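>>> Quick one, fold the following:
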Amino acid sequence: MKWELLDPHEAGRVIDLFESIYGQEAGILEYSRNFLLRNLTVASTLQMFDKSKEFIAVCKGNLEVPTRAGNVTYTDRILGACWFDRGGYASYSTREISNAKFHHVDLTLPTTTRVRIINQMIDQHILWAHNWGIPVVCSTSVRKEHDGFIRIHEKRGFTVHGSFAWIDTEEGMKWIR
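Predicted coordinates:
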């Protein structure tokens with residue numbers, strides 16, 4: 001597995017892979033592929049020039065799939081993707097928050113691989129926020145089945161309120177070191 005910043009030209013690949021898994025989770029918000037594609041492409045383009053505003057990364061790996069004719073190897077398959085931003089604030093606090101816009105993991109992967117990828121996403125979120133002086137990291141889920149995802153955060157020292165997980169960035173750094 002390897003991580004890299006999202007190339008704007010690959011935004012469609014990220015969406016292709018994950019909309020069948022996560023698209024129905026939008027519910028009342030009414031998912032729009034074109035709106036997501038525009039936002040993801042613009043944000044990943046901005047990231048190329050100013051890495052302090054958005055963090056969008058993809059996890060890629062090779063996958064061997066057995067077929068009747070023999071094994072097929074898919075190279076540089078997208079296994080996961082994460083998107084974090086900054087500039088969030090609670091109405092009662094002056095502490096800036098980095099919010100996770102999404103953590104997408106290919107749900108066809110083995111559970112241990114999915115957990116490892118999510119932990120790597122959490123590490124990247126904390127490290128990015130630390131690097132840019134953002135004092136609070138927040139991760140959330142819109143999925144119905146979010147218990148496992150939130151439990152991973154809880155095990156990492158996050159404070160959990162429903163589907164929201166919060167951590168002081170410096171406290172989160174202690175879990176990485």
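>>> The longest helix anywhere in the chain - contacts with which helices or strands?
Assignment by DSSP state H gives helix 111-131 as the longest helix of the chain. When contacts are defined as 3 or more C-beta pairs under 8 Å, 6 or more residues apart in numbering; DSSP states H and E, helix 111-131 sits against strand 54-65, strand 72-85, strand 97-105, strand 136-140, helix 147-155, helix 169-176. To be clear about C-beta, it is placed using only N, CA and C from the backbone, and glycine gets the same treatment.
>>> Check the secondary structure at Y31 for me.
coil (DSSP: H, G, I helix; E, B strand; the rest coil).
>>> Can you tell me the number of residues neighbouring L107?
12 (other C-beta atoms under 10 Å).
>>> Could you find the closest non-adjacent residue to it?
Distances taken as C-beta to C-beta, 6 or more residues apart in numbering put I21 closest to L107, at 5.4 Å, once the chain neighbours are dropped.
>>> Just the element for that neighbour, please.
helix 11-22 (DSSP states H and E).
>>> If I take the next helix or strand after that helix and helix 11-22, what angle do their directions form?
Using DSSP H and E, the helix or strand that follows helix 11-22 in sequence is helix 33-49. In terms of direction (axes from the mean of the first three to the mean of the last three C-alpha atoms, to 10 degrees), helix 33-49 departs from helix 11-22 by 130 degrees.
>>> what helices or strands is helix 33-49 leaning on?
By 3+ C-beta pairs under 8 Å, 6+ apart, helix 33-49 packs against strand 2-5, helix 11-22, strand 54-65, strand 72-85.
>>> what is the mean pLDDT for it?
For helix 33-49, mean pLDDT is 95.
>>> Now do it and strand 72-85, the angle between them.
Using the same axes, to 10 degrees, helix 33-49 lies at 80 degrees relative to strand 72-85.
>>> That concludes my questions; thank you for your assistance.
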